[in-house]
Every structure is written in structure tokens, then in C-alpha cells.
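S.K.: For reference, the sequence and a predicted model appear below.
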Amino acid sequence: MSQAAADSIASPASARPLAPRRAWPGLLLAAALLLLLTALAFSLGRYPVSPRELAQLLWARLSGQPTDLPTAVQTVVWQVRGPRIAAAVLVGAALSVAGAAFQGLFRNPLVSPDILGASAGAALGAVLGIFFSMGVLGIQLAAFGGGLAAVALVYALGSGQGAGALRGDPVLGLLLTGIVVGALLGAGIGLIKYLADPYDQLPAITYWLLGSLSGTTADDLLPLLGPVLLGLVVLVALRWKMNVMSLPEEEARALGVPTTRLRLLIVAAATLVTSASVATAGIVGWVGLVVPHLARLLVGPSFPRLLPATALLGGGFLLLIDTLARTVALVEVPLGVLTAVVGTPFFIALLRSRQGGWA
């Protein structure tokens with residue numbers, strides 16, 4: 001399928017398709033914002049690192065030459081702030097791309113990455129890990145496995161006969177099943193919080209559910225990087241067919257697209273990156289809901305351009321939120337609180353500006 005044909009499919013009939021050349025300014029702007037926010041994140045904090053010092057450290061690491069910068073600067077960059085910034089970019093990009101994929105797949109602008117229960121399943125797994133006093137790695141593995149298991153359950157219940165065939169629309173069946181299973185998992189989280197030790201376990205559970213990247217180290221990046229890269233590669237490889245999946249089921253099949261198999265691949269890849277993100281950062285809302293809309297304003301709705309723009313903007317958005325979380329107050333503010341504070345008015349303004357349209 002050509003790019004022009006994909007643009008005409010991704011855009012409504014009344015809208016003018018976005019010319020391919022107009023995507024580059026948006027992508028360049030998103031990349032520039034990410035670089036600017038990265039430099040800002042290193043500069044802000046109790047021990048600021050200037051762009052010149054950061055450039056010297058990067059050059060020394062790439063060239064293998066020694067540097068005369070203080071040891072404290074190197075420690076802040078490579079061991080404290082660097083891993084946290086990298087995690088923020090990866091988590092933001094993963095949640096944003098997953099949100100864009102789900103919004104296109106379900107043809108609904110209000111869908112977010114947790115629509116099929118991935119976030120609730122990961123949260124329940126992590127809460128159980130904290131309740132049973134597992135280590136950090138055990139909690140992350142429990143969260144990751146819980147997210148995958150929850151979506152597998154939703155897909156098994158919602159894509160077969162019965163719920164999955166509701167009114168002949170398997171997408172609607174998945175959506176409703178995800179809401180029901182998510183509510184059930186939420187009840188499980190509430191039960192564990194009620195049974196948890198109020199002086200030890202409950203504060204840890206509450207803080208994790210609000211989202212945080214504090215204490216992120218280089219060792220935490222590998223379990224996050226592998227699943228995120230794998231899921232993003234799959235979604236990018238399916239970028240052309242994802243335009244067709246935005247059409248109604250019958251029309252997509254008429255164009256020769258194996259909708260059932262393709263839907264499974266998209267759901268699996270988006271769930272993989274969502275579960276890995278939640279396992280690392282906790283529950284971080286609004287990123288996967290708001291950022292895809294902002295990316296559409298820059299490059300249009302066609303997925304070959306939308307996915308990279310969404311990844312860049314999502315990484316920059318969560319990096320900005322994380323920088324604010326550790327600098328706006330004497331104590332660190334949970335990520336989920338700030339994403340709600342920033343995301344809610346932004347999304348309201350976005351809805352008003354779009355006047356009912358979202359493509």
C-alpha cells in the first residue's frame with residue numbers, strides 16, 4: 001500500500017490528506033524538544049550539570065579519552081540522573097505508542113494503554129509482590145507477568161464466541177471485556193491494600209500505584225529496554241496495516257487484511273511495552289491518552305508518521321513530568337499526580353479545539 005493511499009484511509013473523507021513533506025517539520029520539532037528537555041533534565045536538580053559538562057562527558061565516553069571533570073559530575077550523569085532520564089524517555093515513548101496503537105485499533109480517541117487491563121494486571125502483580133515481601137526484581141517480574149496475563153485473559157474471553165462476537169464486532173467485545181476484567185483486577189488491588197500492613201506495606205503499595213522513577217539504576221534499564229524495543233519494532237513494522245485496521249471490520253477484511261491475526265499482534269506488542277513500563281515506573285496515567293493527539297496535530301493520523309512522532313513526544317512529555325516531580329517540591333511528587341494535573345486541562349483544551357473531530 002502506498003503512502004498516499006494510507007493517508008486517504010487514515011483521514012476522514014472531509015479532511016484534506018496531509019502531504020508527506022509536512023511530516024518532517026513535525027518530526028524535527030519533536031526531536032528538538034526531546035533533546036532540549038534532556039539537557040534541561042540534566043541541568044536541573046540539587047547538583048546541576050551544564051550542557052558543556054554533559055557534552056564533555058559524552059565525548060570522553062565515546063572517544064575513550066579521560067576527562068578532568070569532578071567525580072561527582074560523572075556519578076550524577078552516569079549513575080544517578082542518566083539512568084532515570086533514559087527510563088523516563090523509554091516509558092513515555094512506550095506508553096504513548098501503545099496509546100496511539102489502541103486508539104487506532106479500537107477507533108476511539110479516548111482509549112488509553114490500560115484499556116485491556118494491562119495496567120491493572122501489572123498493578124495487581126506488583127501489589128502482590130509487595131504484599132509477599134519480594135525484592136525489587138521480583139516485584140517487577142510479578143508486575144510484568146500480571147500485565148501480560150490480564151490481557152491474555154481479556155483476549156481469550158473477548159475474542160471468541162459470545163462476548164467477542166457481540167453484534168458481530170470483535171473490537172467492541174474486547175473493549176467491554178477489558179473494562180470488566182479491569183474492574184475485577186481493581187477490586188483485587190483494593191483487597192490487598194486492605195490486608196496489607198498499614199505501617200510498612202501499604203505506604204509502599206500506595207506510592208508504587210501513583211508512579212515513580214526514583215531510585216532507577218542502570219540495572220533497571222535492561223529489563224525495560226528489551227520488551228520496549230521488541231514491542232516498538234513490531235508496531236513500526238505493522239505501521240502501514242495499522243492504517244487499514246482503523247477502518248470498520250468489514251472494510252478492512254475487504255482490503256485483504258487478516259484482521260484477527262493482525263489485531264492479536266498489535267494487542268500483544270502494545271501490551272508488552274505497557275507491562276514493561278508499568279513494571280518499571282508504576283501506574284502513570286494520561287501519557288498514552290494525551291500524547292497521540294498532540295502527535296496527530298503535528299504530523300497527521302497516518303501511522304508511518306504518527307508512531308515516530310508519538311514516541312518522540314511521549315519520551316519528552318514524561319521526561320518533563322519526571323523533571324518537575326523531583327524539582328518542584330522538597331519531596332518528590334508521584335508521576336501519576338503530575339500527569340493528571342498537566343494532562344487533564346491539556347486534554348480538555350484539545351477536545352475544545354478539535355470541535356468533535358480527532359483524526
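M.R.: Nice, thanks for sending it over. Residues are numbered from 1 along each chain as shown.
S.K.: where are the low-confidence patches of the protein?
M.R.: By pLDDT under 70, the weakly predicted segments of the chain are 1-22, 159-170, 350, 353-359.
S.K.: Pick out the residue nearest the middle of it.
M.R.: In the chain, the centroid-proximal residue (CA atoms, centre = their mean) is Leu95; its distance is 0.6 Å.
S.K.: doesn't Thr274 make contact with that residue?
M.R.: Yes: Leu95 is within contact range of Thr274, at 6.6 Å (criterion: CB atoms under 8 Å). Using the backbone N, CA and C atoms, a C-beta is placed for each residue, glycine as well.
S.K.: Now do the shared contacts for the two.
M.R.: With contacts taken as CB atoms under 8 Å, 6 or more residues apart in numbering, Leu95 and Thr274 have 113, 288 as neighbours in common.
S.K.: Now the strand or helix carrying Leu36: buried residues?
M.R.: Using DSSP states H and E, Leu36 sits in helix 23-43. The neighbour-count criterion (16 or more other CB atoms under 10 Å) identifies 23, 26-27, 30-31, 33-34, 37-38, 41-42 as the buried residues of helix 23-43.
S.K.: same check, this time on stretch 186-198
M.R.: 188-189, 192-193, 196.
S.K.: What is the nearest of the residues you listed to Glu250?
M.R.: Gly188 (37.4 Å; CB to CB).
S.K.: Output stretch 246-256 as PDB - backbone C-alpha positions only.
M.R.: What follows is stretch 246-256, C-alpha atoms only, in PDB (Å, rounded to 0.1, in the frame of the first residue of the first chain):
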ATOM      1  CA  SER A 246      -8.600   1.900  11.700                       C
ATOM      2  CA  LEU A 247     -11.400   1.100   9.300                       C
ATOM      3  CA  PRO A 248     -14.500  -0.900  10.200                       C
ATOM      4  CA  GLU A 249     -14.000  -4.600  10.400                       C
ATOM      5  CA  GLU A 250     -15.800  -5.500   7.100                       C
ATOM      6  CA  GLU A 251     -13.900  -2.800   5.100                       C
ATOM      7  CA  ALA A 252     -10.600  -3.900   6.500                       C
ATOM      8  CA  ARG A 253     -11.200  -7.500   5.500                       C
ATOM      9  CA  ALA A 254     -12.400  -6.500   2.100                       C
ATOM     10  CA  LEU A 255      -9.000  -4.900   1.500                       C
ATOM     11  CA  GLY A 256      -7.400  -8.300   2.200                       C
END
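S.K.: before we move on, the earlier item: closest to Gly316 out of the buried residues of stretch 186-198?
M.R.: Of all those, Gly316 sits closest to Ile189, with 30.3 Å by CB to CB.
S.K.: what's the following helix or strand after the one helix or strand that closest one maps to?
M.R.: Ile189 is part of helix 170-195, with elements assigned from DSSP H and E. Downstream of helix 170-195, the next assigned helix or strand under DSSP H and E is helix 201-210.
S.K.: what angle do that following helix and helix 170-195 make?
M.R.: If you take axes from the mean of the first three to the mean of the last three CA atoms, to 10 degrees, helix 201-210 sits at 150 degrees to helix 170-195.
S.K.: Check which element follows helix 201-210 along the chain.
M.R.: Assignment by DSSP H and E places the next element after helix 201-210 at helix 221-237.
S.K.: May I have the helix or strand that that following helix is followed by as PDB, with CA atoms only?
M.R.: Downstream of helix 221-237, the first helix or strand assigned by DSSP H and E is helix 239-245. Output of helix 239-245 as PDB, limited to C-alpha atoms (Å, rounded to 0.1, in the frame of the first residue of the first chain):
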ATOM      1  CA  ARG A 239       2.500   0.700  10.600                       C
ATOM      2  CA  TRP A 240       1.000   0.500   7.100                       C
ATOM      3  CA  LYS A 241      -1.500  -2.100   8.000                       C
ATOM      4  CA  MET A 242      -2.500  -0.300  11.200                       C
ATOM      5  CA  ASN A 243      -4.000   2.400   8.900                       C
ATOM      6  CA  VAL A 244      -6.300  -0.200   7.500                       C
ATOM      7  CA  MET A 245      -7.200  -1.500  10.900                       C
END
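S.K.: which helices and strands does helix 239-245 pack with?
M.R.: Contacts defined by 3 or more CB pairs under 8 Å, 6 or more residues apart in numbering; DSSP states H and E place helix 239-245 against helix 3-10, helix 82-106, helix 259-281, helix 303-327.
S.K.: other SSEs contacting the helix or strand following the last one?
M.R.: Scanning forward in sequence from helix 303-327, with DSSP H and E defining helices and strands, the next element found is helix 335-354. Contact here means 3+ CB pairs under 8 Å, 6+ apart; on that basis helix 335-354 packs against helix 201-210, helix 287-299, helix 303-327.
S.K.: Using a markdown table, lay out those helices together with distance to Ile348.
M.R.: Shown next, in a markdown table, are the helices and strands packed on helix 335-354 (distance: least, CB to CB, whole Å):
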| stretch | distance to Ile348 |
| --- | --- |
| helix 201-210 | 22 |
| helix 287-299 | 10 |
| helix 303-327 | 17 |
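S.K.: got CSV for those helices, with distance to Ala279 and mean neighbour count too?
M.R.: Formatted as CSV, those follow (distance: least, CB to CB, whole Å; neighbours: other CB atoms under 10 Å):
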stretch, distance to Ala279, mean neighbour count
helix 201-210, 10, 17
helix 287-299, 15, 24
helix 303-327, 15, 25
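S.K.: Select, out of these, the one closest to Gly178.
M.R.: Gly178 lies closest, by CB to CB, to one member of those: helix 287-299, at 14.0 Å.
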